[in-house]
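> sequence below, structure please.
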Amino acid sequence: MGALVRTTTIALAAMALILGISPVALAQEGAPAEARPLAQIDSNVGLPTETPEVGATSSVPDVVFHHVTDGREIAFENPINGATATFHLPTWVVNVGGTAIDLSPTRHLIFMWLAAAILVLVLSLAARKRSIVPRGFYSVVETLVRFVREELAVKNIGEHHADHYVGYLCTAFFFIFTMNLLGLVPYSATATGNLAVTAGLALLTFAVTLYAGMREQGVAGFWLHIVPSGVPVWLYPIMIPVELLGLLTKPFALAVRLFANMAAGHIVLFFLLALIFLLPAVGAFIAPVSVAFAAGIYLLELFVALLQAYIFTMLSALFIGMASHPH
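Sure, this is the predicted structure:
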């Protein structure tokens, strides 16, 4: 079990690196990359270097979505005097073969790396204190790892194949769970509320699924048996596109489900508190109710953080098992 924890730690660091390095290539249109204004490059990426400040003229939706969406600054507010300290993240645009590639870090990327660093540190310390009789925090880690192996991997992939994929499944579970929890900390950001992050995780599951299928059936066997046996030949022109589409919808469902649940929960939480300002005439009476409901949603988000990590890992194990055992 200690070796599995170490493998999970290494895989986690690799996953964070893969998801973090996702450059956006910007097509050239005549002018060289050095001559293009940085503001123009940023607008094409969709993340402006300077996020519009939220002031007195901003609407409540502007304030809510400013905190939920990604950006290139991290703001901290003093709860006593309301003073805000904003840290702007650096801009890094490199030129590769005449194409400008934006490698600038964003708020979600920083907190995703922070979640990976926390997990690498915590799991490394837990693995060093392993013993025959689990004690302390290592017992918690071993319980979760054993749960992922026995309840998710073995039951969906099979006893003889599960151990090949437990390292990835544990990595996905711990990584997503930590990012979800980190998003509930004040002044932080939920990396899993970014579709690019969840899509990256889903593509990793998709790659592992294809590997599992081709490992068990062979490359030719996997693709030749994509259509179930017993289907009449005259249905192949219909079934082949349908099966290929079904293969692609699995990672799409993983990405959208995780993104939508995490983003929606935070939006609901913010809008419950925003009712105080949306209805100023009765704000004093609504405030206790809004705060009470927001506290309830916050506690529910703690459960959702674990639930979404479990669902993503369970579906990943299910897809891997389906590819390993097409029958």
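> for the chain, what are the low-confidence residue spans?
1-58, 60, 82, 130-134, 283, 326-327 (pLDDT under 70).
> which residue ranges of it form strands?
Applying DSSP state E to the chain gives strands spanning 24-26, 73-77, 84-88, 93-96, 99-102.
> return the most buried member of those.
Stretch with highest mean neighbour count among the strands of the chain: strand 99-102 (a mean of 18; mean count of other C-beta atoms under 10 Å). C-beta: built from backbone N, CA, C; applies to glycine.
> OK, contacts around the nearest residue in space to L114 that is not next to it in sequence?
Computed as C-beta to C-beta, 6 or more residues apart in numbering, the closest residue to L114 that is not its neighbour in sequence is L182, at 6.7 Å. Residues in contact with L182 (C-beta atoms under 8 Å, 6 or more residues apart in numbering) are 111, 114-115, 118, 188, 190-191.
> pull the most distant pair out of those residues.
I118 and T190 (14.7 Å; C-beta to C-beta).
> between those two, tell me which one has more neighbours.
Each of I118 and T190 has its neighbours counted (other C-beta atoms under 10 Å); T190 has more, 26 against 14.
> what's the more buried one sitting at in phi/psi?
Main-chain torsions, T190, degrees, to the nearest 10: phi -100, psi 110.
> do you know how far the closest residue to I320 other than its chain neighbours is from F206?
In space, and not counting its chain neighbours, I320 is closest to A212: 4.7 Å by C-beta to C-beta, 6+ apart. Distance, A212 to F206, using C-beta to C-beta, to the nearest Å: 11 Å.
> let me see the ranges of the helices in the stretch 1-150 of the chain.
Under the criterion DSSP state H, counting those that start in this stretch, the stretch 1-150 of the chain contains helices at 2-20, 38-45, 60-68, 107-128, 136-147.
> tell me the angle of the last one relative to helix 107-128?
If you take axes from the mean of the first three to the mean of the last three C-alpha atoms, to 10 degrees, helix 136-147 sits at 100 degrees to helix 107-128.
> which strands or helices does helix 136-147 pack on?
Packing contacts for helix 136-147, counted by 3 or more C-beta pairs under 8 Å, 6 or more residues apart in numbering; DSSP states H and E, involve helix 2-20, helix 107-128, helix 166-182.
> quick check: the residue nearest to I320 vs G193, distance?
According to C-beta to C-beta, A212 stands 29 Å off from G193.
> who has more neighbours, the two?
The residue with more neighbours, out of A212 and G193, is G193; 25 against 22, by other C-beta under 10 Å.
> right, and the more buried one touches G183 too?
Yes - G193 sits in contact with G183 when judged by C-beta atoms under 8 Å, with a separation of 6.6 Å.
> now for those two: what residues contact both?
Joint contacts of G193 and G183 (C-beta under 8 Å, 6+ apart) are 262, 266.
> L258 and M179 touch, don't they?
No - applying C-beta under 8 Å as the test, L258 and M179 come out as separate, 9.8 Å apart.
> intersection of neighbour lists for the two?
In contact with both L258 and M179: T192, using C-beta under 8 Å, 6+ apart.
> compare those two and say which is more crowded by neighbours.
The neighbour comparison of L258 against M179 (other C-beta under 10 Å) goes to M179, with 33 against 26.
> sorry, back to before: which of the contacts of L182 ranks first by neighbour count?
Most neighbours among the contacts of L182, by other C-beta under 10 Å: A191, with 32 neighbours.
> contacts only, for it.
Taking C-beta under 8 Å, 6+ apart, we find A191 in contact with 108-109, 111-112, 115, 179, 182-183, 197.
> that one and L318, how far apart?
Distance from A191 to L318, by C-beta to C-beta: 24 Å.
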